[in-house]
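Visitor: below: sequence and its predicted model.
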Amino acid sequence: MSNRKDFLQQSALLAAGILFLPSCVSGTKSTKRIGLQLYTLREIIGQDPQGVIKRVSEIGYQDVETYGFVPNEGYWGLTPKEFKALLDDNNLKSSSGHYGLDEFIKTGKEEELHAVIEASNILGHEYVTLPYLEEGLRSSADDFKKIADKLNQIGDLCKKSGLKFAYHNHDFEFADLGNGETGYKIFLENTDTSLVQFELDLYWVVRSGNDPIALFTEHPGRFPMWHIKDMDKAQPGLNTEIGSGSIDFKPIFKDTQLSGMKHFFMEQENFSKDPFESIKQSHDFIKKELI
């Protein structure tokens with residue numbers, strides 16, 4: 001018998017028109033591809049990108065999310081074509097990349113964005129993802145509304161180039177701006193659903209005191225990507241290996257269809273052990289317990 005939660009979730013999905021979409025859209029199939037945000041290995045990847053990518057693949061990750069692209073330098077000294085070849089050699093794909101787009105948000109100049117789009121298409125990304133907003137850009141509700149307009153513009157340019165666009169959160173987007181407004185609420189309500197999607201960082205959602213499942217229920221289908229990182233039980237400001245912290249991911253993973261999740265990336269920003277041992281522990285827990 002369906003309970004009230006099931007009924008509400010199904011009603012929300014019906015309203016969004018996604019309840020009966022195929023598994024490749026709802027996320028059921030793609031959730032078995034375990035991804036890694038390469039920022040996790042930021043201390044070592046620049047020294048030996050070839051060796052790091054090889055180890056990531058050997059551990060069992062199948063998807064990587066890039067970061068750190070510089071138009072004239074590429075990815076850790078490799079051109080987009082060279083980095084794509086490295087991924088291919090290690091049976092890895094890259095569904096998404098994190099790219100700073102502050103220049104476009106500040107000035108509307110498109111040169112940086114065009115370089116990002118070109119590199120993303122070479123790597124075979126599905127998503128261009130904006131990972132962060134400078135503090136000076138986001139001090140008020142009006143600021144967030146102006147940025148929402150820019151997000152729509154970025155999404156439109158990405159769509160015209162065969163890509164999708166997503167925004168990745170931290171916790172500042174959930175701060176109270178007055179009158180019941182938050183930056184995240186403004187983004188969700190003022191961006192075009194056909195142009196702007198969201199990569200939900202589950203750690204930052206929980207850290208900010210919010211409930212990921214409540215967000216899925218209120219905005220079904222808008223979260224095609226997740227960041228999976230766990231919260232240290234003793235020090236919430238630190239990460240730990242997936243399954244060792246205070247976040248219970250199992251009920252969250254039960255709502256992949258409600259979320260619309262297609263891809264997820266494990267991320268860890270600090271370590272108490274060897275980084276490769278750490279990311280293997282997280283990988284193995286995800287594979288055994290979550291998917």
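Guide: Good, I have the coordinates.

Visitor: contact partners for W76?
Guide: 45-46, 49, 68, 83 (C-beta atoms under 8 Å, 6 or more residues apart in numbering). Every residue, glycine included, has its C-beta placed from N, CA and C.

Visitor: ignore what I typed, I meant I122.
Guide: Residues in contact with I122, defined by C-beta under 8 Å, 6+ apart, are 80-81, 84.

Visitor: dump those residues to a markdown table, plus pLDDT, secondary structure and distance to D156.
Guide: Below are the contacts of I122 laid out as a markdown table (pLDDT from 0 to 100; DSSP: H, G, I helix; E, B strand; the rest coil; distance: C-beta to C-beta, whole Å):
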| residue | pLDDT | secondary structure | distance to D156 |
| --- | --- | --- | --- |
| P80 | 98 | helix | 23 |
| K81 | 98 | helix | 27 |
| K84 | 98 | helix | 25 |
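
Visitor: which one among the residues you listed gets closest to E58?
Guide: Among those, K84 lies closest to E58 (C-beta to C-beta), at 19.3 Å.

Visitor: helix, strand or coil for the nearest residue to S140 once chain neighbours are set aside?
Guide: Spatial nearest neighbour of S140, excluding adjacent residues (C-beta to C-beta, 6 or more residues apart in numbering): L177 at 6.7 Å. Of the three states, L177 takes strand according to DSSP: H, G, I helix; E, B strand; the rest coil.

Visitor: re the thing from before, could I get the contacts of I122 as TSV with neighbour count and distance to I117?
Guide: Shown next, in TSV, are those (neighbours: other C-beta atoms under 10 Å; distance: C-beta to C-beta, whole Å):
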residue	neighbour count	distance to I117
P80	19	11
K81	12	15
K84	19	15
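
Visitor: between those, which is nearest F276?
Guide: If you rank these by distance to F276 using C-beta to C-beta, K84 comes first, at 23.2 Å.

Visitor: below-threshold pLDDT in the chain: ranges please.
Guide: For the chain, applying pLDDT under 70 flags the ranges 1-31.

Visitor: how about the strands in it?
Guide: For the chain, the strands defined by DSSP state E cover 34-37, 63-66, 93-98, 127-130, 164-168, 176-178, 181-182, 197-201, 225-228, 230-231, 239-240, 263-266.

Visitor: and these as CSV, adding mean neighbour count?
Guide: Shown next, in CSV, are these (neighbours: other C-beta atoms under 10 Å):
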stretch, mean neighbour count
strand 34-37, 26
strand 63-66, 24
strand 93-98, 23
strand 127-130, 25
strand 164-168, 23
strand 176-178, 12
strand 181-182, 18
strand 197-201, 25
strand 225-228, 26
strand 230-231, 22
strand 239-240, 24
strand 263-266, 26
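
Visitor: which of the contacts of W76 count as buried?
Guide: By neighbour count, with 16 or more other C-beta atoms under 10 Å, the contacts of W76 hold 45, 49, 68, 83 as buried.
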